[in-house]
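Novice: pasting a predicted model and its sequence here:
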Amino acid sequence: MQNLRTWTSSPLARIACRVLGSQRVAMVIGQTVHLSGTTREEFLADAEWVAHELVHLRQFKEHGFVPFLWKYLVESARVGYYHNKYEVEAREEARRVVLATPGHILRPRPLHSQPKSPPA
């Protein structure tokens with residue numbers, strides 16, 4: 001994991017924090033994990049979070065930078081962040097990795113990774 005490229009206090013991740021209503025965010029753009037509200041060390045210590053972002057790194061590599069970014073944005077506009085098939089794949093793979101890790105404890109998911117409740 002030491003060769004994983006990260007950008008702490010990323011302006012893009014800071015914007016994502018505001019949009020998602022979260023205090024900490026990791027997001028992948030190309031081959032870099034952009035972080036806001038967390039340190040590289042805190043991020044790397046969370047196996048589930050790292051596994052999630054590794055899926056996005058793979059998705060960028062498989063589809064190509066511009067094609068994946070376009071597909072991701074179209075999918076998000078179509079079905080929303082939570083139901084975006086690329087996010088679903090990343091969440092499911094991260095859970096599989098964590099469940100396969102002896103002694104690792106599942107943590108509650110951050111609010112931005114859960115579907116929004118319908119308005120009352």
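Specialist: Perfect, I can see it now.

Novice: separation between W7 and S22?
Specialist: 17 Å (C-beta to C-beta, to the nearest Å). C-beta here means a position set from N, CA and C on the backbone, and glycine is covered the same way.

Novice: what's the answer for R58, then?
Specialist: The value you get for R58 to S22, if C-beta to C-beta is used, is 23 Å.

Novice: low-confidence ranges in this structure?
Specialist: Residues of the chain that meet the criterion pLDDT under 70 lie in 1-2, 104-120.

Novice: now do stretch 31-43: distance to the chain's middle.
Specialist: 10 Å (C-alpha atoms, centre = their mean, to the nearest Å).

Novice: can you give me the buried ones in it?
Specialist: T32, V33, H34, L35, S36, G37, T38, F43 (16 or more other C-beta atoms under 10 Å).

Novice: what about the third one, which SS state?
Specialist: What that stands for is H34. strand (DSSP: H, G, I helix; E, B strand; the rest coil).

Novice: need the helices for the chain, in chain order.
Specialist: 11-20, 40-44, 47-63, 65-79, 85-99 (DSSP state H).

Novice: how about those helices, which one is nearest M27?
Specialist: helix 11-20 (5.3 Å; C-beta to C-beta).

Novice: tell me the angle the closest one makes with strand 32-36.
Specialist: In terms of direction (axes from the mean of the first three to the mean of the last three C-alpha atoms, to 10 degrees), helix 11-20 departs from strand 32-36 by 60 degrees.

Novice: contact partners of helix 11-20?
Specialist: 7, 22-27, 29, 34-37, 81, 112 (C-beta atoms under 8 Å, 6 or more residues apart in numbering).

Novice: circling back: got the helices of the chain as JSON lines, with distance to N3 columns?
Specialist: Formatted as JSON lines, the helices of the chain follow (distance: least, C-beta to C-beta, whole Å):
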{"stretch": "helix 11-20", "distance to N3": "20"}
{"stretch": "helix 40-44", "distance to N3": "11"}
{"stretch": "helix 47-63", "distance to N3": "12"}
{"stretch": "helix 65-79", "distance to N3": "19"}
{"stretch": "helix 85-99", "distance to N3": "18"}
